[in-house]
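Enquirer: Sequence first, predicted coordinates after that:
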Amino acid sequence: MALYLIRRLMQSGFVLIAMSLLVFLGVYAVGDPVEILISPDADQEERERAVRALGLDLPLWHQYLVFLGRALQGDLGRSFVFNEPAIQLILQRMPATLELAFGAMFISVLIGLPLGLYAGLRPDGRLSKTIMAGSILGFSLPSFWVGLMLIMLFAVQLGWLPSTGRGETAMLFGIRWSFLTGDGLAHILLPAINLSLFKISLVIRLTRAGVRETMLMDYVKFARAKGLTPFRVTFVHVFKNIMIPVVTVLGLELGGTIAFSVVTESVFAWPGMGKLIIDSINVLDRPVIVAYLMMIVLMFIVINLLVDLVYTLLDPRVRLEGKA
């Protein structure tokens, strides 16, 4: 266990360094933020002074070494626009994105697992076929269009839910959260549903496929021959074994949900990291863009490690030492 964790941490360090180089070169080699940040009426001297102040007068390789040295100390640079530490800006927006992503994942599991389980246990039923046909819509409908339709129906036509913003928040562990208040839950419901539609379809199909495959296994047939109740066969012998692929995909999808909730946050004006990165790209705020991408890489690494650890809880046959 300890050896496996040490190896994974070493691999993670190499991944972070490699990604920092790719991200930095990809972001800093494109465009000129001075053209956006400085007034068109500014003279050449003011432009040169701004370039020096932002550190853009150094060669690209020198800028990367400076960035890497500061990053090892926890400093990912200062925003060109806000003149604040980029990591601070991201951490301020992170709770909003995290609660939106976890809300979407919770909805996808809450709805997807029972529907997929039913479709797998009764594959020839009319309701099961309807569920599988409906899951296709979750894959095919664009999220921005679904978000607009949700706003039109539930906010404009029915007036049941608010359409934009985060609503009232409450403090927990020194951080403001929306899900702790009734108004905040009302604000988070529509964007969370919009963000969860693809995940619901994915969970339904994964669960159904896992159930159909597991029901043919010898240990399930033996459990039935022993006279165990269908409830015990399903939730003790079948359900636990189908969770490994579901947990794997959901772990990766959680990272993707956090990283790519940009469209949903833009449609619902949700003040999270996705909206921040869009605004930063529009003004070429390079430190914020690089810091955001590095945070996303770190999240994926941590989530993958946690998924591997959860494997051993779901299936004792999975040994981390063997995987290492």
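Expert: It's in.

Enquirer: Where in this structure is the helix or strand with the lowest mean pLDDT?
Expert: Of all helical and strand segments in the chain, the minimum by mean pLDDT, DSSP states H and E falls on helix 320-323, at a mean of 48.

Enquirer: What is the burial count for Ser140?
Expert: 9 (other Cβ atoms under 10 Å). C-betas here are computed from N, CA, C, even on glycine.

Enquirer: Which phi and psi values does it adopt?
Expert: phi -100, psi -30 (degrees, to the nearest 10).

Enquirer: Tell me where the model's unsure across the stretch 51-200 of the chain.
Expert: Scanning the stretch 51-200 of the chain for pLDDT under 70 picks out 51, 54-55, 57.

Enquirer: Could you pull out the strands in it for me?
Expert: Using DSSP state E, counting those that start in this stretch, the strands found in the stretch 51-200 of the chain span residues 170-172, 175-177.

Enquirer: Ala96: which of those is closest?
Expert: Of all the strands of the stretch 51-200 of the chain, strand 175-177 sits nearest to Ala96, with 8.7 Å by Cβ to Cβ.

Enquirer: Does anything pack onto the closest one? Which helices or strands?
Expert: helix 86-121, strand 170-172 (3 or more Cβ pairs under 8 Å, 6 or more residues apart in numbering; DSSP states H and E).

Enquirer: Same list, these, but as CSV with distance to Leu22 and mean neighbour count please.
Expert: Converted to CSV, the helices and strands packed on strand 175-177 look like this (distance: least, Cβ to Cβ, whole Å; neighbours: other Cβ atoms under 10 Å):
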stretch, distance to Leu22, mean neighbour count
helix 86-121, 18, 21
strand 170-172, 36, 11
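
Enquirer: In TSV, list the ones you listed along with distance to Arg232.
Expert: Output for these, formatted as TSV (distance: least, Cβ to Cβ, whole Å):
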stretch	distance to Arg232
helix 86-121	14
strand 170-172	38
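
Enquirer: which one of the ones you listed lies closest to Met273?
Expert: Among the helices and strands packed on strand 175-177, if distance is taken as Cβ to Cβ, the winner is helix 86-121, at 4.5 Å.

Enquirer: Now do the closest one: which elements does it pack against?
Expert: On the basis of 3+ Cβ pairs under 8 Å, 6+ apart, helix 86-121 makes packing contacts with helix 126-140, strand 175-177, helix 182-214, helix 239-259, helix 262-267, helix 273-282, helix 286-314.

Enquirer: before we move on, back to that, nearest to Arg7, out of the helices and strands packed on strand 175-177?
Expert: Closest among these, using Cβ to Cβ: helix 86-121, at 27.5 Å.

Enquirer: the inter-axis angle of the closest one versus helix 182-214?
Expert: Going by axes from the mean of the first three to the mean of the last three Cα atoms, to 10 degrees, helix 86-121 is angled at 50 degrees with respect to helix 182-214.

Enquirer: ok now helix 86-121, how far from the chain's centre?
Expert: How far helix 86-121 lies from its chain's middle: 8 Å, per Cα atoms, centre = their mean, to the nearest Å.

Enquirer: quick one: Val146 and Ser196 touch, right?
Expert: No: judged on Cβ atoms under 8 Å, Val146 makes no contact with Ser196 at a distance of 10.5 Å.

Enquirer: more crowded one of those two?
Expert: Ser196 (26 against 20).

Enquirer: Show me the shaky parts of the stretch 201-324 of the chain.
Expert: 311-324.

Enquirer: Any idea how many residues pack against Gly251?
Expert: Neighbours of Gly251 (other Cβ under 10 Å): 19.

Enquirer: returning to what we had before: so for Thr207, which of the helices and strands packed on strand 175-177 sits nearest?
Expert: helix 86-121 (2.7 Å).

Enquirer: Measure how the closest one sits relative to helix 273-282, angle-wise.
Expert: Using the same axes, to 10 degrees, helix 86-121 lies at 130 degrees relative to helix 273-282.

Enquirer: give me every residue that touches Val249.
Expert: Contacts here follow Cβ atoms under 8 Å, 6 or more residues apart in numbering; on that basis Val249 touches Leu202, Leu206.

Enquirer: Let's see that with 10 Å instead.
Expert: Lys199, Leu202, Val203, Arg205, Leu206, Val307 (Cβ atoms under 10 Å, 6 or more residues apart in numbering).

Enquirer: follow-up on the earlier one: common neighbours of Val146 and Ser196, please.
Expert: With Cβ under 10 Å, 6+ apart, Val146 and Ser196 have common neighbours Gly138, Thr264.
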